[in-house]
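>>> Take a look and give me a structure for this.
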Amino acid sequence: MNGTYKRLSPCYTGIGFFLTLSLFLLWGRLPVLHAADINWSVKGSIFFIPEDNGLEGDPMPVLPMPGFSAEFSLPYNLSLGTAYDLYATYYGYSSTLGRAVPVAIENRSTFVLGNLLSFYASYVMNIPALTASGLRLRFSSGFSVDARLCLIADGLEGADLEDAAAQTAQVTSYFWSHGRWFFPFTGFGIDFVKLGNTWIGVEGRVWYPLYRTWSGDTAPAAEGWRVAAGLRVSF
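Take a look at the predicted model:
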């Protein structure tokens, strides 16, 4: 598609990260939250969406994904947590494949703002002997709801805009049908630097396309999986 692209939408990811970081650094100082024994974290991840669509779209999107989490401590190093992660990319709808596919900016039809809301249980294993401050291994498992907001891509006119509007309706219908918004996940992390009450570490998460067991999707096996890896600061 043709049209002049306005540099607007992708920058939301970076803005969202800094707003999130500022908000939770502030909240981390509120005594009421410490009294409730809630542990806060901010995260900066790289988000991978594997894709196998031939020539109908683009290869796997690799996206920045800021986020935060809150975990309520339980006995035996267990926690119940919730997390929010944000990502953004462009999609189109392939009539040949019958599904939404990621596309390059010059072929954009739909701007997708992904809102991953997760609920999970986690376990922390403390290993005090390996470093001066010790190490923490973190294991988590739960599910995410991907509330994808699908908008007509910016900067399109005329026939391109009409086609984008039609594709956006198809992309929205595809993502919100047959439970394609529901993703169980597992995660693993290592905290290796401790500064006061703050831990710095890395984590990885994998989301599974469970919806494929009932949706009847015939897409290649790679479609629907998600992987994220990045840094995490906990306080």
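>>> From what I see, residue 148 and residue 175 are in contact.
Yes: counting by CB atoms under 8 Å, residue 148 touches residue 175, with 5.0 Å between them. C-beta coordinates here come from the backbone N, C-alpha and C atoms, glycine included.
>>> Give the residues shared as contacts by these two.
112, 181 (CB atoms under 8 Å, 6 or more residues apart in numbering).
>>> Tell me who's in contact with the nearest residue in space to residue 168 that is not next to it in sequence.
Spatial nearest neighbour of residue 168, chain neighbours left out: residue 110 (4.4 Å); criterion: CB to CB, 6 or more residues apart in numbering. Contact analysis of residue 110 by CB under 8 Å, 6+ apart lists 90-93, 100, 150-153, 164, 167-168, 171-172.
>>> ok, now residue 37?
Neighbours of residue 37 in contact, by CB under 8 Å, 6+ apart: 72, 73.
>>> gap between it and residue 148?
33 Å (CB to CB, to the nearest Å).
>>> Residue 155 too?
Taking CB to CB, one finds residue 155 at 21 Å from residue 148.
>>> of the two, who's got more company?
residue 148 (22 against 18; other CB atoms under 10 Å).
>>> So for the spatially most central residue of the chain, what pLDDT did the model give?
Nearest to the geometric centre of the chain sits residue 85, at 4.6 Å (CA atoms, centre = their mean). Predicted confidence (pLDDT) for residue 85: 98.
>>> same check, this time on residue 24
Model confidence at residue 24 (pLDDT) stands at 49.
>>> Now the helix ranked longest in the chain: buried residues?
Longest helix of the chain, by residue count under DSSP state H: helix 158-176. Neighbour counts using 16 or more other CB atoms under 10 Å place 160, 161, 164, 167, 168, 170, 171, 172, 174, 175 of helix 158-176 among the buried residues.
>>> so the second one sits right up against residue 153, yeah?
No: Residue 161 is beyond contact range of residue 153, at 9.1 Å (criterion: CB under 8 Å).
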